[in-house]
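Novice: okay, sequence plus prediction incoming.
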Amino acid sequence: MEGPVAEAKAKATPPWKQESPQSKQQKHKQTADRKAQSRVTQRQANEGKHLDVAAFDLFAGLRTVHVAAEGTRANLVLAHAAEKCPFANKIAIKNNIVETVHTDVCLLDRTWADAFVAEAIRLEARVILVIGGFPCKGLSHARGASRENLKNKDPILFWELIRILELVKRAAGDSISVRHTVENVMMDKEPEDIISQHLGERATKIAASPVCAAGRDRLFWIDFQLQPLEDETLIEGSTRNELILEPDPERIDFWDEGWGPTQSFDGTMPTLQGWQTWTREPKDPRGIHI
């Protein structure tokens, strides 16, 4: 690998670099102090400010768009979600997510789009955000050389995302801005180029591993300006961009090679490590009925 991305990585300190316990403890405190000051600064800068957003969350899963909104000045005045998994939808109910749920994205039509946009305007949303990570089966390199890419029955739903975007933009016209954020796994160049062509921008690669237990890199297609935070670096590569996050010393490698918690993990497990689309509710892994 050559170019500015490789050069930046070569200069960066690897997040997995071993340090002494004392060094780690000092860095933990420094990071905590810096983050606390950063939060104070952000609160002061954004005091009295907010951005009213109408969001349509495609393939919504655990509704992390709501988690993200809580950490920013975004105010979701309207939320629709497309998700067929009853387990995920029950988790959303349990977490008091206020939304309109659609269990079949293929049924959403011009009538729905017109009503959604009209409601967003009535609620005085400043922007409509269409966001989603369409199914990655068939695209992921983990599927081996026989992967079907966008011809697979799951990632073919990408074309439903494009259809929804077109419907919402047509209904919005010049009345309200429509933006999108689309996510998926690292994939072959051909499907990545097809996705970039239809969305109108090239992908930005973001590795989650510096800040959390998720090890796989992800691609994001974002049709608005991406502004890195103070300790982040945005690099324009030859084929795609890359956002390099600052390594967080408080992160933990949750999963070991045996797909279980590491010995250093001493908390609960409040997330799901992937699931298939269930036609009936699976047994709760914690033994708690949801």
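Specialist: Done, it's in.
Novice: output the below-cut-off pLDDT ranges for the stretch 1-150 of the chain.
Specialist: Within the stretch 1-150 of the chain, the segments meeting pLDDT under 70 span 1-25, 27-49.
Novice: phi, psi of Gly132?
Specialist: phi 180, psi 150 (degrees, to the nearest 10).
Novice: how close does it get to Arg63?
Specialist: With distances taken as C-beta to C-beta, to the nearest Å, Gly132 is found 12 Å from Arg63. The way it works is simple: take the backbone N, C-alpha and C, and place the C-beta from them, glycine included.
Novice: any shared contact partners between these two?
Specialist: Asp57 (C-beta atoms under 8 Å, 6 or more residues apart in numbering).
Novice: between these two, point out the one with more neighbours.
Specialist: Set side by side, Gly132 and Arg63 show more neighbours around Gly132, with 26 against 20, by other C-beta atoms under 10 Å.
Novice: and that one, what does it touch?
Specialist: Shown in contact with Gly132 (C-beta under 8 Å, 6+ apart): 57-60, 82, 161, 181-183.
Novice: tell me what it is bridged to.
Specialist: Listed by DSSP bridges, the beta-bridge partners for Gly132 are Leu58, Val182.
Novice: give me the element Ile128 is part of.
Specialist: Taking DSSP states H and E as the definition, Ile128 sits inside strand 127-132.
Novice: ok, then the element right after that strand?
Specialist: In N-to-C order, the element after strand 127-132 by DSSP H and E is helix 158-172.
Novice: format the CA atom coordinates belonging to that next one as PDB.
Specialist: Extracted C-alpha coordinates of helix 158-172, given in PDB (Å, rounded to 0.1, in the frame of the first residue of the first chain):
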ATOM      1  CA  PHE A 158     -29.000  -1.300  -1.700                       C
ATOM      2  CA  TRP A 159     -31.200  -0.600  -4.700                       C
ATOM      3  CA  GLU A 160     -34.100  -0.100  -2.300                       C
ATOM      4  CA  LEU A 161     -32.000   2.500  -0.400                       C
ATOM      5  CA  ILE A 162     -31.400   4.300  -3.700                       C
ATOM      6  CA  ARG A 163     -35.100   4.100  -4.500                       C
ATOM      7  CA  ILE A 164     -36.000   5.600  -1.100                       C
ATOM      8  CA  LEU A 165     -33.600   8.400  -1.600                       C
ATOM      9  CA  GLU A 166     -35.000   9.300  -4.900                       C
ATOM     10  CA  LEU A 167     -38.600   9.200  -3.500                       C
ATOM     11  CA  VAL A 168     -37.700  11.500  -0.600                       C
ATOM     12  CA  LYS A 169     -35.700  13.900  -2.700                       C
ATOM     13  CA  ARG A 170     -38.600  14.200  -5.300                       C
ATOM     14  CA  ALA A 171     -41.100  14.800  -2.500                       C
ATOM     15  CA  ALA A 172     -38.800  17.400  -0.800                       C
END
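Novice: list the helices and strands it packs on?
Specialist: strand 51-58, helix 110-122, strand 127-132, strand 177-185, helix 189-199 (3 or more C-beta pairs under 8 Å, 6 or more residues apart in numbering; DSSP states H and E).
Novice: got a markdown table for the ones you listed, with distance to Cys212 too?
Specialist: As requested, the helices and strands packed on helix 158-172 are exported to a markdown table (distance: least, C-beta to C-beta, whole Å):
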| stretch | distance to Cys212 |
| --- | --- |
| strand 51-58 | 20 |
| helix 110-122 | 32 |
| strand 127-132 | 19 |
| strand 177-185 | 15 |
| helix 189-199 | 24 |
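Novice: between the ones you listed, which one is closest to Phe87.
Specialist: strand 51-58 (16.4 Å; C-beta to C-beta).
Novice: name the residues that touch that closest one?
Specialist: Defining contact as C-beta under 8 Å, 6+ apart, one finds that strand 51-58 is touched by 63, 65, 69, 73-83, 99, 105, 116, 119-120, 123-132, 134, 160-161, 164, 168, 176.
Novice: Asp104 - how many residues pack around it?
Specialist: Quick note: Asp104 (other C-beta under 10 Å) scores 9 neighbours.
Novice: can you get me a residue count around the residue lying closest to it once chain neighbours are set aside?
Specialist: Leaving aside its sequence neighbours, Asp104 sits nearest to Lys84 (C-beta to C-beta, 6 or more residues apart in numbering; 6.6 Å). Other residues near Lys84 come to 16 when the count uses other C-beta under 10 Å.
Novice: and if you look at Arg163?
Specialist: 16.
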